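1. Need coordinates for the below:
(2 chains, ligands or ions: 3)
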Amino acid sequence: MRHKAPLLVGIVAIPLAQLADVLVTILVGGAIEKVRLSDNQEWLTRTLVLMAAAAVSHAFFRFWQRWLVVVVSRRFEVELKQELFDRLTRLDLSFHAKSRSGDLVSRLTADVEALRMFLGPGMMYTLGAVVIVPISLGWLFFLNPLMSMSMLLPMLAVGVIMQRLTPRLHVHSTAVQESLADINHRAQEDFGGVRIVQGYQRQESQAQRFARSSEQNRDHQISLGRARGLTHAGIHGSFDLTFAVILILGGLAAIDRSLPVGELFQFVDLTIKVFWPLIAVGWIAGMYPRAVASAKRVQTLLDTRSALTETDSDVGLDPQKTPSFEFDSVSYTYPDADSPTLQEISFELPAGQSLGIVGPTGAGKTTLLLLMGRLVDPTNGVIKCNAIPVRDLPLAHVRGALGYVPQDSFLFSVPYGDNIRFGTDEDINPEQLAVLIEQVAMTGEVARFPKGTDTLVGERGVTLSGGQRQRTCIARALARKPRILVLDDCLSAVDTHTEKTLLQSLREAGQGRGVVIAAHRLSTVAGCNEILVLDDQGAMADKGTHKELVSRPGWYQQTWDRQQKRASLEDNTGAGA
Amino acid sequence: MSWEAEEEVAGKAWDGRLFRRLLRYAGPHRWLFIKSFMVLASLFALDLVGPWIWQASLDGPVQDALSSPEGTDTAPFIHDLLMLVAVYVGILLLQTWLRYFEVATLILTGQSVIHDLRRHIYSHISSLDLAWFDRRPTGALVTRVSSDVENLAELFTAGVVTLAFDMIRVVVVLALLFTIHAPLALVVTLMTPILILISLMFRGGARRAHRTVRAELARLNGYLAEVLQGIAVVQLFGREAHVGARFGEHLARYFAANKRTILLFALFFPIMSLAVYLIQGATLRQGVISIAGDELTIGAFLRFWLYLTLVVQPIRNLGERYNVLQSAFASAERVFEVLDTTSNLPTPSKPSPLGPEGIAPKVQFQNVSFGYLKDHPVLEKVDFEILPGQTVALVGATGAGKSTIVNLLLRFYDPSEGQVQVGERELTQVDLSDWRGRIGLVLQDDFLFAGTVRENILMDRSGIDEATLLLALKASGADRVVQNLAGGLDAEVAERGATFSTGERQLLAIARALAGQPDLVILDEATASVDSETEARIEQATGLLLQGRSALVVAHRLSTIQRADVILVLDGGRIIERGTHDELLAAKGAYARLHALQFELEA
Ligand SMILES: Nc1ncnc2c1ncn2[C@@H]1O[C@H](COP(=O)(O)OP(=O)(O)OP(=O)(O)O)[C@@H](O)[C@H]1O
Ligand SMILES: Nc1ncnc2c1ncn2[C@@H]1O[C@H](COP(=O)(O)OP(=O)(O)OP(=O)(O)O)[C@@H](O)[C@H]1O
Ligand SMILES: [Mg+2]
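-> Ligands and ions are numbered 1, 2, ... in the order given. Coordinates of the predicted model:
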């Protein structure tokens, strides 16, 4: 821990502040005794001066205690959040596909918050109690051993109460944190899908669902509140009853003249001072189960390991050379799926060559490309890059070689230019940026944006048209100067004219690079060195060049004919009119 | 300086208003509030009895015993003492019982209000217009309905009830102090304004600091949510470290903002403590003088002192509470800021009915111009109609404004010039839920909810029977997708449909649109990622299913729209050509060129 020093000073400040506080009480108690015994009041000024000194030092230490300890607890929060974030971004895609982002967000917010609340004030009060309680108890013991023994009773009682109630607190706390996650999830989803929610006029029914989640949270909070009420009453009750014991014992002793009244006063005031920290500790103890519940949720996240293991071997890829790829009877089954998505896929992609992937909807094209980018690892078979299994290569090397255009054009809500720059660590100057934008035929459109390349893009790119988003994603991939371009259905949202321009640019960009391209229109892949045809079971139906594939009966030929016929049919009707 | 002062005043008025608005949410739960208040009041009253018993014991039996000559029988004094102790124990037990409610009822009250408020702000946000959403990251909105609302809860528990009660407590105790010993009480009373002054001095700074904290938190959460959604892109581009660093920057700003509040309150607490000591010191001095002058008994002084701790504790707590309150107020501002936003699309006061369902109303765009931002027109003088039963197709370059036309037709935005009319009525005057309820919508970006496949297709719409559902599935080609799922229609869908392929999601979206038997179908690039065989099948099947219904189809593949009744060619936000496929080819204009190009590409 880096914050040892401030924490230590803060911790030292806590007892000092408390001691000053105790000193005040002792002074006041002494004063009452003195007033009974002496007529002279000179001592009063001295007491007041001492009290002022104690008060000022109390204030001084209290400042440092708060400042240091609370800042440390906040720093803890920030560091935990950072660590969780870094973990999350490195967890594999199958994990993310299964998780609800609202839930993950809630772990980083509500749960970390619950932990901080426990650690910050918790630490402060507990440490304070650790110091002040023994000292006060010692003093009390010195004043009257018998009476001070009675103080052990409530502590015992509190221990028993907490032990009984903790399971209950824990159950409700967990339920509260989970229902909070649920609220987060619902809001995240409904606000994210607002176009569909409003387009189908589903605001009412979604609101009802949300209300149900909120209601659940409320009910769990209330149950937790009841459990906490019991804890609170138990702790206070135990302590309060001690005062009754003190009153009997102290009163009897005073009647016996074995205890001066001033000391009885000190006893009571010190007892209050002992109890405040103890009650605070009781309160912290009430928060403890919630912190544990949250800590568990946070810990599960920290314990989750990516399904992708990083190798420790030191072989790597030459960052200057275009690598080759090889799939050796690769199969892949998604976690929780009962049938394989890809079966026994084998092919080779020699360095600098192009590969087309076609097949019906849901055949597994995207999955195949994800395997190349090593976002998932095959269930069976081996993927090799430059004849080295990708598992034995550093993840960064494999992904670093690729320029990937994903099927769903995800953009960040940052300035337009930064979305393209996202692709690379290298600096991209405005001229280079302009070239990239030109390559994807967006120069005119970007110029018309309110602030050109500095225009802020909406979340997921909502303020751009579908085609603009797709082209920006292509520019982002090109910005990497990738050795292999991976294009997943990347021309689906552009018009024919733009498509032609883009194909031209991609062809140029593909010079000397490997290109892997998944597409529905066969014309897009026709020029590839090799084309892979997947069937709807995710098996390899065929493989070959365009020429070979059109010449043999099968899905490829059929589809080609259909697409041809449609085009020519249109043309004929057109010519006929 | 004067600017500061003005802001201070504005803040004060604002607090009053905030408070009144919050009270409105408390209204429906007033019984709970009264109950909480009564619990606190009873506890407080019992708290006051305790010191009295202490005094009675010390000034009664103890004093009597001490003043009687040594060697007297102490039994009567002990008896008196035990009587007092018995009363004391009774009171303490009662208090313990009440303490349960002190927590449980307060939480019950707070949570009941929070639930109302949370529902309210959620509904309000989901009724706002899209222009508003366009500018806001979802994660930041989520923060408002979750974390801000929760933070605000403190206003009801720590705020309205406890704080109000603390004030009463201070006043009552002060009054009681006067009954014990007026000069001593006067000393205390004269000094309390110091505390109030200190609090007021801190308020402005504390509020500003907390505002920044809340805003930074929203930004932080917004970024987090965004990165999680784009995680595939982050990983594919190996940008984990980059986004981590940006998250770190957000965290650093959040931390700095927090540090400001911590510093303020680290100062506030000790200063309050000092003020409390000052009061205690003054009391002690005055007390000693009075005792020496025989104006005050020691028992009375003890009672005075115990009462004083009754005010001192709330005043010290006030520091903690004050911090919480300022933070809660900052959240309340953010919540009400959203609640005060009204949709830019005013709902008509007397919405016109659209006529019976099942009959497609005529849709008309009359010289519609529109831009998402001022001075950046996207559509210019767009003029067309969709007659009942007609299929109208929109083609044109990317960014030409096709999806924008769809957005206007749904009234996601209002045109800046011209009118959109449905069934001869201006769309702004039409009951939106009636209109949107008649539309089957497939947007360019598919969106599936976490839930089951069935829920995603039904979308809580009533009146879709199983047969219609199956028909829609078949027509959209989604039946094959569903067949492959282990649970069939009841299979779980992940968030945003992440476990489906893009094409499969599009098919499910089409099924959803068809299932409602809409009067008007809007298909915006609905089959862009679907293979051509499936596409052809869908075209045929939907053609049958949609007979008599109107359709607006946006497509880049001309093959999908050649059967449309009217094809509109859009360029730079204007309609440059219109007609049927054949007419447009014959005209040898932009459409014909586009078509030739496509043929060239396919060949
Ligand atoms: N929410 C928005 N805020 C600001 N500008 C927007 C918004 N949505 C779209 N635009 C801009 O309006 C223009 C038209 O976009 P629109 O989505 O209507 O195009 P489109 O014709 O559907 O294109 P595509 O074929 O690529 O989907 C684009 O330049 C786009 O950047
Ligand atoms: N995370 C996942 N978990 C389980 N199944 C998945 C997951 N992602 C995809 N699938 C399934 O795997 C199959 C292949 O999906 P993939 O996205 O690779 O198809 P595709 O060929 O790219 O389809 P499209 O043409 O629609 O883009 C689909 O049936 C899909 O439902
Ligand atoms: Mg795909």
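2. which stretches of the stretch 151-300 of chain B have low pLDDT?
-> Scanning the stretch 151-300 of chain B for pLDDT under 70 picks out the ranges B:158-161.
3. Can you tell me how far the closest residue to chain B within the stretch 401-550 of chain A is from ligand 2?
-> Proximity of the stretch 401-550 of chain A to chain B (CB to the nearest CB) peaks at A:Gly467, 2.5 Å away. C-beta coordinates here come from the backbone N, C-alpha and C atoms, glycine included. For A:Gly467, the distance to ligand 2 (CB to the nearest ligand atom, to the nearest Å) stands at 18 Å.
4. Contact partners for that residue?
-> Residues in contact with A:Gly467 (CB atoms under 8 Å, 6 or more residues apart in numbering or on different chains) are A:493-495, A:498, B:397-399, B:556.
5. Tell me the confidence at the nearest residue in space to B:Gly399 that is not next to it in sequence?
-> Nearest non-adjacent residue to B:Gly399, counting by CB to CB, 6 or more residues apart in numbering or on different chains: A:Ser465, 4.5 Å away. Per-residue pLDDT puts A:Ser465 at 89.
6. likewise A:Ile11?
-> Listed pLDDT for A:Ile11 reads 70.
7. part of a strand, is B:Leu552?
-> Yes: under DSSP: H, G, I helix; E, B strand; the rest coil, B:Leu552 falls within a strand.
8. Would you map the strands across the stretch 301-450 of chain A?
-> Per DSSP state E, counting those that start in this stretch, the stretch 301-450 of chain A carries strands over the ranges A:325-332, A:342-349, A:354-358, A:380-385, A:388-389, A:402-405.
9. Rebuild these as CSV, extending it with mean pLDDT.
-> What follows is these, written out as CSV (pLDDT from 0 to 100):
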stretch, mean pLDDT
strand A:325-332, 91
strand A:342-349, 90
strand A:354-358, 91
strand A:380-385, 90
strand A:388-389, 88
strand A:402-405, 89
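10. helix or strand for B:Ala486, which one?
-> B:Ala486 belongs to no helix or strand when assigned by DSSP states H and E.
11. Not including adjacent chain positions, what is the nearest residue to it?
-> Sequence neighbours aside, A:Asp338 is the residue nearest to B:Ala486 in space, at 5.5 Å (criterion: CB to CB, 6+ apart).
12. if I pick the residue of chain A found nearest ligand 3, what's in contact with it?
-> Nearest to ligand 3, among the residues of chain A, is A:Thr366, at 3.2 Å (CB to the ion). Going by CB under 8 Å, 6+ apart, A:Thr366 touches A:407, A:488-489, A:518, B:501-502.
13. In strands only, show me those residues.
-> Cross-referencing these against strands under DSSP state E gives A:488, A:518.
14. out of the contacts of A:Thr366, which one sits closest to B:Gln419?
-> Among the contacts of A:Thr366, B:Thr502 lies closest to B:Gln419 (CB to CB), at 36.2 Å.
15. what about A:Gly225, neighbour count?
-> Other residues lying near A:Gly225 total 23 when counted by other CB atoms under 10 Å in any protein chain shown.
16. One more: A:Leu19?
-> Neighbours around A:Leu19, by other CB under 10 Å: 18.
17. residues in contact with the nearest residue to it once chain neighbours are set aside?
-> Distances taken as CB to CB, 6+ apart put A:Ile135 closest to A:Leu19, at 7.0 Å, once the chain neighbours are dropped. Counting by CB under 8 Å, 6+ apart, A:Ile135 touches A:15, A:18-19, A:22.
18. Tell me the buried residues in the helix or strand harbouring A:Ile135?
-> Using DSSP H and E, A:Ile135 falls within helix A:112-143. Buried residues in helix A:112-143, counted by 16 or more other CB atoms under 10 Å in any protein chain shown: A:112-129, A:131-133, A:135-137, A:139-140, A:143.
19. moving C-terminal of it, what's the next helix or strand?
-> helix A:145-149.
20. Point out the other helices and strands that that following helix packs with.
-> helix A:112-143, helix A:203-255 (3 or more CB pairs under 8 Å, 6 or more residues apart in numbering or on different chains; DSSP states H and E).
21. List the contacts of the residue lying closest to A:Pro415 once chain neighbours are set aside.
-> Among residues not flanking A:Pro415 along the chain, A:Asp454 sits closest, at 4.9 Å (CB to CB, 6+ apart). By CB under 8 Å, 6+ apart, the residues touching A:Asp454 are A:415-417.
22. how's chain B carved up into domains?
-> Per automatic domain parsing, the domain ranges recorded for chain B read B:17-339, B:363-602.
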